[in-house]
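[1] Using only what follows, build the 3D model:
(one chain, ligands or ions: 2)
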Amino acid sequence: MDQNSPEVMTALQAGIKASALCEKIRVDLAGKESLLKSDRSPVTIADYGSQAIICKMIREQFPHDAIVAEEDSKELRRPDRSKILEQATSYVNTFIPVSSSEEVCSWIDFGSNSVTDRFWALDPIDGTKGFLRGDQYAIALALIEKGKVTLGVLACPNLYADVHHPLGEKGCLFLALRGKGSFQMDNTGANKRPIFVSKAKSPSEAIITESVEPDHADHLTHQRLAQKLNISKPSLRMDSQAKYGILARGEVTLYLRVPSSADPVYKENIWDHAAGSIIAEEAGGRVTDVLGRPLDFSSGIKMENNRGILVSNGILHEVVLKALEM
Ligand code: AMP
Ligand code: MG
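    Ligands and ions are numbered 1, 2, ... in the order given. Just a heads-up that it's a prediction; the model follows:
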């Protein structure tokens with residue numbers, strides 16, 4: 001697969017459209033005072049809208065590929081959800097002409113649970129809590145062939161493009177192709193440039209990134225590990241797979257995801273790591289679980305054969321794995 005292959009073109013176009021849709025909904029709805037914090041309707045509308053657009057574009061180009069995606073239209077078809085469906089349809093229509101709400105539901109339902117020989121893994125909005133808070137979230141799409149991720153697109157609509165200008169231009173698109181490297185683009189797909197992980201050789205130079213949500217990762221264990229490795233810089237907490245993006249471009253050195261004590265046997269979803277992992281690897285990083293095992297994307301929608309996640313710049317991987325044995 002090369003940069004101009006239909007898979008890459010379609011995945012990029014789908015990511016660009018879904019990213020614009022999510023950001024429009026976030027700006028229109030999520031910031032409104034009238035919406036209570038617990039009102040998830042903006043994320044729901046964006047989740048469904050994003051999945052509809054991406055599934056429709058993938059299915060059109062690759063009718064034989066399965067798409068393993070987080071949502072289905074069952075809830076959306078309930079009579080008490082008609083307003084949400086109507087709003088989702090109207091937002092989708094701004095990006096792709098759609099004839100009816102029924103059609104939107106049918107696009108959403110191109111998604112399935114079938115982990116086959118060649119399939120796409122999609123998280124239409126990763127980091128829903130970040131989306132609602134106005135922080136980071138991502139649209140994550142990956143192609144998995146014979147259990148290996150071969151293409152990843154990660155749209156981060158609210159992520160600063162340049163670490164030196166955190167208040168500057170926002171919206172990044174990450175792309176990785178197996179064997180061909182990782183790239184960052186603007187959220188329109190322009191300005192493509194290769195990205196690389198940090199060259200930090202000593203753990204003391206490292207910066208850790210971790211989830212914002214304490215239920216998603218064990219912050220206390222991360223803190224202990226940082227002490228053990230003489231990591232003095234504060235951890236950077238960020239929602240979604242945007243963490244993989246900032247590691248791939250060298251801004252942080254380690255992404256730790258030790259299962260939270262709230263749910264120590266939690267199994268990760270494939271769509272939460274497929275796109276991010278290839279972006280980190282192709283930028284020179286290494287991705288395993290916290291026991292050093294490669295991520296297994298072939299066991300089903302849950303990564304049954306893995307526990308937690310460790311991402312590094314490669315150089316520091318073994319030393320962190322060793323420290324995690326504590
Ligand atoms: P993050 O933004 O990195 O905290 O990750 C968001 C993702 O965490 C969501 O897409 C969920 O699928 C996933 N998640 C939900 N519960 C847990 C849990 N107990 N441990 C780890 N991840 C979780
Ligand atoms: Mg997710």
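
[2] Show me which residues of the host helix or strand of residue 224 are buried.
    Residue 224 is part of helix 219-228 when elements are defined by DSSP states H and E. Using 16 or more other CB atoms under 10 Å as the test for burial, helix 219-228 gives 219, 221, 222, 225, 226. Glycine gets a C-beta too; all of them are placed from N, C-alpha and C.

[3] In TSV, list those along with distance to ligand 1 and pLDDT.
    Below are the buried residues of helix 219-228 laid out as TSV (distance: CB to the nearest ligand atom, whole Å; pLDDT from 0 to 100):
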residue	distance to ligand 1	pLDDT
219	11	98
221	13	97
222	13	98
225	17	97
226	18	98
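
[4] Closest one to ligand 2 out of those residues, please.
    residue 219 (18.8 Å; CB to the ion).

[5] Show me what the helix or strand following the helix holding residue 224 pairs with in its sheet, parallel or antiparallel.
    Per DSSP H and E, the first helix or strand lying C-terminal to helix 219-228 is strand 236-237. If you go by DSSP bridges, strand 236-237 pairs up with strand 208-210 (parallel).

[6] just the strands in the stretch 151-300 of the chain please.
    170-177, 181-186, 193-194, 208-210, 236-237, 254-257, 286-288 (DSSP state E, counting those that start in this stretch).

[7] Parallel or antiparallel, list what pairs with the third one.
    Right, the one you point to is strand 193-194. Assessed with DSSP bridges, strand 193-194 is paired to strand 181-186 (antiparallel).

[8] and the nearest residue to residue 112 once chain neighbours are set aside, how many neighbours?
    Spatial nearest neighbour of residue 112, chain neighbours left out: residue 66 (5.8 Å); criterion: CB to CB, 6 or more residues apart in numbering. Here the number of neighbours of residue 66 (other CB atoms under 10 Å) works out to 20.

[9] Show the backbone phi and psi for residue 66.
    phi -80, psi 150 (degrees, to the nearest 10).

[10] That one pairs with what?
    residue 119.

[11] That one reaches residue 121, doesn't it?
    No: between residue 66 and residue 121 there is no contact under CB atoms under 8 Å: 9.7 Å.

[12] ok, the closest residue to residue 73 other than its chain neighbours - contacts?
    The shortest distance from residue 73 to any non-neighbouring residue, by CB to CB, 6+ apart, is to residue 105 (3.8 Å). When contacts are counted by CB atoms under 8 Å, 6 or more residues apart in numbering, residue 105 touches 73, 76, 77, 85.

[13] immediately after the host helix or strand of residue 105, which helix or strand?
    Secondary structure from DSSP H and E places residue 105 in helix 101-108. Using DSSP H and E, the helix or strand that directly follows helix 101-108 along the chain is strand 111-112.

[14] Residues touching that next one, excluding its own?
    Under the criterion CB under 8 Å, 6+ apart, residues 51, 55, 66, 67, 68, 69, 70, 71, 72, 122 lie in contact with strand 111-112.

[15] Next to ligand 2, which bits of the chain? Give me the list.
    Within the chain, the positions near ligand 2 by CB under 5 Å from the ion are 123, 126, 272.

[16] Pass me the low-pLDDT residue ranges in the stretch 51-200 of the chain, would you?
    Within the stretch 51-200 of the chain, no stretch has pLDDT under 70.

[17] And the helices in the protein?
    Taking DSSP state H as the criterion, the chain contains helices spanning 6-25, 41-61, 82-95, 101-108, 128-133, 219-228, 242-248, 274-282, 317-324.

[18] Close to ligand 1: what parts of the stretch 151-300 of the chain are there?
    Residues of the stretch 151-300 of the chain that fall close to ligand 1, judged by CB under 6 Å from any ligand atom: 211, 213, 215, 216, 239, 240, 260, 263, 266, 269, 272.

[19] how distant is stretch 91-101 from the center of its chain?
    The chain centroid and the centroid of stretch 91-101 are separated by 24 Å under CA atoms, centre = their mean, to the nearest Å.
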